[in-house]
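**Q** Structure of the sequence below:
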Amino acid sequence: MNAVIGVLLLAAATVLFSWAYSQLRRPTPSAWARWDVSAQIIVFIWVAATTSGIGFLAMAISAFDTEPPTGAQYSVIAATVVVAFALRYLLKRQWRRLQAPTSAPLAVQPAAPPAQDGQSPSRTPKAA
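**A** Numbers count the residues shown, from 1 in each chain. Just a heads-up that it's a prediction; the model follows:
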């Protein structure tokens, strides 16, 4: 069971990181994303989930000689990994959509040729 909990924590940490990255790096972030402490809270949760997941996996690996994992545990681990990769794909696709330009580039008029008398085209001599 420790292996399942470890993989779930690592998958949750991966999804949290992907989601937070996509939210915090948006061209126009939400109001909560502009608050500096929100990123620190997310990083704290990510570090706690990652280290706990690694710890649970280490406990599961050390217990393999006494109680091997069952088929149901293997299937939960595989399903969790598949769901984590699917969510990562969806979040990455959302990030690409947010990075796409939202409007066509502005049309720029070509510069006017310089005047023949050495004056700039915007400054025409005044009539006497």
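
**Q** Helices of the chain, residue ranges please.
**A** For the chain, helices defined by DSSP state H occupy the ranges 2-24, 36-62, 71-99.

**Q** And the shortest one, what's buried?
**A** In other words, helix 2-24. By neighbour count with 16 or more other Cβ atoms under 10 Å, helix 2-24 contains the buried residues 2-20, 22-23. Using the backbone N, CA and C atoms, a C-beta is placed for each residue, glycine as well.

**Q** can you check the longest one too?
**A** When neighbours are counted by 16+ other Cβ under 10 Å, the buried residues of helix 71-99 are found to be 73, 76-77, 80, 84, 87-88, 91, 95.

**Q** In TSV, list these along with distance to I54 and pLDDT.
**A** As requested, those are exported to TSV (distance: Cβ to Cβ, whole Å; pLDDT from 0 to 100):
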residue	distance to I54	pLDDT
Q73	18	76
V76	18	76
I77	15	76
T80	15	77
A84	15	78
L87	20	80
R88	19	81
L91	22	78
W95	26	73
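
**Q** which one among those residues gets closest to T66?
**A** Relative to T66, the closest of these is Q73; by Cβ to Cβ it sits at 14.5 Å.

**Q** Just confirm that closest one contacts G6, I think it does.
**A** No - using Cβ atoms under 8 Å, Q73 is not in contact with G6, being 11.0 Å away.

**Q** If anything else comes up later, I'll come back, but that's it for now.
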